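Undergrad: from the sequence below, what's the structure:
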Amino acid sequence: MKAKLAILIVFIVVTFNQMACSRFDSSKPLKEMTFPQDVAFLEKHVEVITLGQGPGKPKVAIVPAYQGRVMTSTVGGSKSPSHGWINRELIEAGRNDPHINAYGGEDRFWLGPEGGQFSIFFKKGDPFDLEHWQTPALIDTRPYEVITKTDREVTFRHEAKIKNYSDTHFLIRIDRTVRLLDRSSIDELLDVKLPPSIDIVAYETENILTNIGDAAWTKHGGLLSIWILGMYKHSTDTTVLVPYVEGDEADLGPIVNADYFGEVPAERLRVKDGVIRFSADGKYRSKIGLSPKRAKSILGSYDATRQLLTLVQYNKPKGATNYVNSMWELQDEPFNGDVVNSYNDGPPSPGAKPLGPFYELESSSPALELKPDESSTHIHRTIHMQGDKAAIQRLGKALLGAIE
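TA: Coordinates of the predicted model:
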C-alpha cells in the first residue's frame, strides 16, 4: 500500500508542478526582498494590514483576501528582513489557478483532513488524484471579513458550508485573530530572558472553529481539524529542529512519520537525543510528521545564513489522541494522524522545477467533535529571532535541544 501511495504522490506532484511551471519559471531565484519591499509589492495587488508601528520596529503583514493570512513579518532594524515566502509570480498574475492558489505566507488557515473517506478536498466516489483534488474555496480564494482592528491585532470572520467525501455537511464559522506580541510576553511564554543583542518579532493566531449547524459532528460522519501552515524562505544552511518525547516504540509508536513522499535520505533526516533534524534547503521534496504521543508543543528551525532562529508554539490539549489523517487513500485509521509537520520543497523529479522552493512548519488541532454552537480554539505562535550568533545558538539549544 505504501509503495502504491508513493507512486501516486510522485505522479500528483509531477503533474502539479508541470502545470504550475508551464506558466512560471520558479527555478530562477528572485532577489531577496526586505519587509517594506514585500509589503509594497503586495499593496499593488491586494489590501494589506500591517501590525506594528514606527520605523525599524517589529511588524507583521496580513492579507484579508487570502483568508487573513500572515504573509510575512520582520524583526525590524535598519535592514528590515522579510521572513515569509511569497509567491510573487502567482500574485502578480492576478488570476485563480485550478486546484490551489499557493500565495505563500508564514501563517495560513486551513482545515483537515485532506484525504481519506472524510476528506474535504475530494467529492464522494472520486479517485484520490490531482485531477479531482480541489482546495475548498473557503481556505483558498474567499476573503475573510475584518471584524475589529487595532495597531496590534486584527480579527477576521467567515461563515461557510462544506461537505466531505462521505457526504457529511458542516456549517461552520471561523473566527481568526492575528496578534502581535511584545518582548516581555515572549520572555514569559518561553520562560527565558531575551538578551538585548537579539532582535525579535512574535505573533500568534487564535483560530476558533464553531459548529453553527443543527447536528453534532461525530466520528461516524467525519470530523474537521484546524490546520495552520507557515511557508518560509529556505537556505542551504537551514535545519528544522523538532523535539520529541523519548521512549519505547512499543509504547509510543514510531518517532517520526517520514513516508509522505518516500524515504528521506539519512543525511537529510537525523533522529538523536530527543531532537529530529530535518534539512530545509529547498532542494529535496520531503515531509515529516509526529504523532500526539511523540510531539511536544514547540518546534522550530535555524538558518545559519541569516542567523535566524524561528520557533513555533501551539496549544496541544493534554490527553488528546484523535487527529485527522490526511493521506490520499481510504483509511483504516482516519483519526490516527500527525500533530505537527514540516515540509521541504524541491524538484519532484530530476530536472523538474520546484513549486517554490520554501519550507514549512505546521501544527494541527485534534479532530473536533463539536455539538451545535460549540467551539474549539487552536493557537499557533510564530517567533523569529535574529542578532548575535552566540546568543541565538544558546537560545536554540535551550529551547529546541539543538541548533544544528
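
Undergrad: every contact and neighbour count from this point should use C-alpha atoms.
TA: Fine.

Undergrad: tell me the contacts of residue 78?
TA: Each residue near residue 78 by C-alpha atoms under 8 Å, 6 or more residues apart in numbering is listed here: residue 56.

Undergrad: what does the one 4 residues further on give?
TA: Residues in contact with residue 82, defined by C-alpha under 8 Å, 6+ apart, are 33-35, 38, 72-74.

Undergrad: spatially nearest residue to it, not counting backbone neighbours?
TA: Nearest non-adjacent residue to residue 82, counting by C-alpha to C-alpha, 6 or more residues apart in numbering: residue 35, 4.4 Å away.

Undergrad: same question, residue 73
TA: Nearest to residue 73 is residue 60, by C-alpha to C-alpha, 6+ apart, at 4.3 Å.

Undergrad: for residue 148, see how far away the one you found is.
TA: Distance of residue 60 to residue 148, given as C-alpha to C-alpha, to the nearest Å: 16 Å.

Undergrad: more crowded one of those two?
TA: Each of residue 60 and residue 148 has its neighbours counted (other C-alpha atoms under 10 Å); residue 60 has more, 28 against 11.

Undergrad: tell me the contacts of the more buried one?
TA: Counting by C-alpha under 8 Å, 6+ apart, residue 60 has contacts 50-52, 70-74, 180, 203.

Undergrad: now with 10 Å, please.
TA: When contacts are counted by C-alpha atoms under 10 Å, 6 or more residues apart in numbering, residue 60 touches 35, 39, 48-52, 70-75, 82-84, 152-153, 178-180, 201-203.

Undergrad: equivalent analysis for residue 233, please.
TA: Listed by C-alpha under 10 Å, 6+ apart, the contact partners of residue 233 are 32, 82-86, 106, 280-282, 303, 356-360.

Undergrad: mind redoing it with 7 Å?
TA: 83-85, 358-359 (C-alpha atoms under 7 Å, 6 or more residues apart in numbering).

Undergrad: now, the residues you listed that are in strands?
TA: In this view, the contacts of residue 233 that belong to strands under DSSP state E are residue 359.

Undergrad: mean confidence score for the helix or strand hosting residue 394?
TA: Assigned by DSSP states H and E, residue 394 belongs to helix 389-400. Model confidence over helix 389-400, given as mean pLDDT, is 94.

Undergrad: name the residues that touch that helix?
TA: 241-243, 299, 307, 309, 386, 402-403.

Undergrad: where exactly do the helices run in the stretch 201-350 of the chain?
TA: With DSSP state H, counting those that start in this stretch, the ranges of helices along the stretch 201-350 of the chain come out as 249-252.

Undergrad: could you pull out the strands for it?
TA: In the stretch 201-350 of the chain, the strands defined using DSSP state E, counting those that start in this stretch lie at 225-232, 238-243, 269-272, 275-279, 286-290, 298-303, 308-314, 340-344.

Undergrad: looking at those strands, which is buried most?
TA: strand 238-243 (a mean of 27; mean count of other C-alpha atoms under 10 Å).

Undergrad: hey, C-alpha coordinates of the strand or helix carrying residue 91 in CSV?
TA: Element membership of residue 91 [criterion: DSSP H and E] is helix 88-93. The C-alpha trace of helix 88-93 is given here as CSV (Å, rounded to 0.1, in the frame of the first residue of the first chain):
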residue,chain,number,x,y,z
ARG,A,88,5.2,36.8,-6.3
GLU,A,89,4.6,35.3,-9.8
LEU,A,90,1.2,33.9,-8.9
ILE,A,91,0.0,37.1,-7.1
GLU,A,92,1.2,39.3,-10.0
ALA,A,93,-0.7,37.2,-12.5
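
Undergrad: name every strand pairing with the helix or strand that comes right after that helix and say which way it goes.
TA: Note on helix 88-93: by DSSP H and E, the next helix or strand toward the C-terminus is strand 108-112. Here strand 108-112 is paired, per DSSP bridges, with strand 225-232 (antiparallel).

Undergrad: quick one: distance of the partner strand to the chain centre.
TA: 3 Å (C-alpha atoms, centre = their mean, to the nearest Å).

Undergrad: check what contacts that strand and list those residues.
TA: For strand 225-232, the surrounding residues in contact (C-alpha under 7 Å, 6+ apart) are 83-85, 104-113, 324, 358-368, 378.

Undergrad: residue ranges in the stretch 251-400 of the chain under the pLDDT threshold?
TA: Along the stretch 251-400 of the chain, no part satisfies pLDDT under 70.

Undergrad: what about 90?
TA: The model of the stretch 251-400 of the chain has pLDDT under 90 over residues 259-263, 327-328, 347-356.
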